[in-house]
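**Student:** from the sequence below, what's the structure:
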Amino acid sequence: MSLPTTMVGCSPKSYLTADTAPRWLDAVRDGLAQTQQRGDGVFVCVPAALLTRAVDALAPLGVVVGTQDVSAYPAGAYTGEDNADLLAGFGARLAMIGHPERVRYFGETPEVFGAKARRAAASGIAPVLIVGEPERGADPERVILPQLDAAFGGVPEDAPVVVAYEPTWAIGAAEPAPPAHVVGVVARLRELTAGRGGAVRVVYGGSAGPGTFAAIAAAGRAHDRVDGIPDGVFLGRAGVDAAGFLATIAEVRAA
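**Tutor:** Residues are numbered from 1 along each chain as shown. Okay, the predicted model is just below:
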């Protein structure tokens, strides 16, 4: 699969319900349909239960639809698992891997991330690896490099991948990470992934919302580090408000 040059996405986590999910999808669809670019450069990663609903509502506009997880196992006797072939068959083109909440609540390890990334890539799904240091002030590279090696070490070099920089200390915080800090880490991420033959997109998450991308872009230009401006942003909680998600999409497009 090919990846958009710019990527503005949202993972609504597990906030949506049977009542609110259709309204959220309809609001995103209707808002994008009113823009000239429609769904170009937009992606959503939804719970597997909403995959087909999201594909039906958003894929016709050009939105790239993915899931928030993928099984580390193939099709078979793995009750409760959503294997990559199944997800791909229903339209998933992305799958999130390595989110700190999967580590904290479900005990997932780097080895699990690697298995999931390999399964996803083999089925034509681009892995969206969430990377970031756990504590403010920690050296990002010392944490991120092992994460990249574990998740992408077995993924073919020509397979497209997305790296979402989401420092754990910024997830769920009142504000995202400082823009100058993000610029430095994003620039280093580009260096660390420069050897891959396939498309690599780097986005920022971690309490991202309206205004986040513009602030990071301004910091990149101010510090003469255009290479540190991410390819977009990845919203979580803030994107559950469809209006906020649409405003962020407009902001990134304008920048």
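
**Student:** give me the contact list for whatever helix or strand residue 105 lives in.
**Tutor:** When elements are assigned from DSSP states H and E, residue 105 belongs to helix 100-106. The contact list for helix 100-106, computed with Cβ atoms under 8 Å, 6 or more residues apart in numbering, reads 13, 69, 108, 109, 130, 132, 134, 166, 168, 171. Bear in mind the C-beta positions are built from the backbone N, C-alpha and C, glycine included.

**Student:** phi first, then psi, for the first one.
**Tutor:** Yep, that's residue 13 we're talking about. phi 50, psi -130 (degrees, to the nearest 10).

**Student:** how many residues are close by it?
**Tutor:** Residue 13: 16 surrounding residues under other Cβ atoms under 10 Å.

**Student:** what's the closest non-adjacent residue to it?
**Tutor:** Spatial nearest neighbour of residue 13, chain neighbours left out: residue 236 (5.8 Å); criterion: Cβ to Cβ, 6 or more residues apart in numbering.

**Student:** what's the next secondary structure element after the helix holding residue 105?
**Tutor:** helix 110-122.

**Student:** please name every helix or strand in contact with that following helix.
**Tutor:** Applying 3 or more Cβ pairs under 8 Å, 6 or more residues apart in numbering; DSSP states H and E, one finds that helix 110-122 contacts helix 84-89, strand 94-97, strand 126-131, helix 140-152.

**Student:** who does the last one touch, helix- and strand-wise?
**Tutor:** Judged by 3+ Cβ pairs under 8 Å, 6+ apart, helix 140-152 is in contact with helix 110-122, strand 126-131, strand 161-165, helix 179-192.
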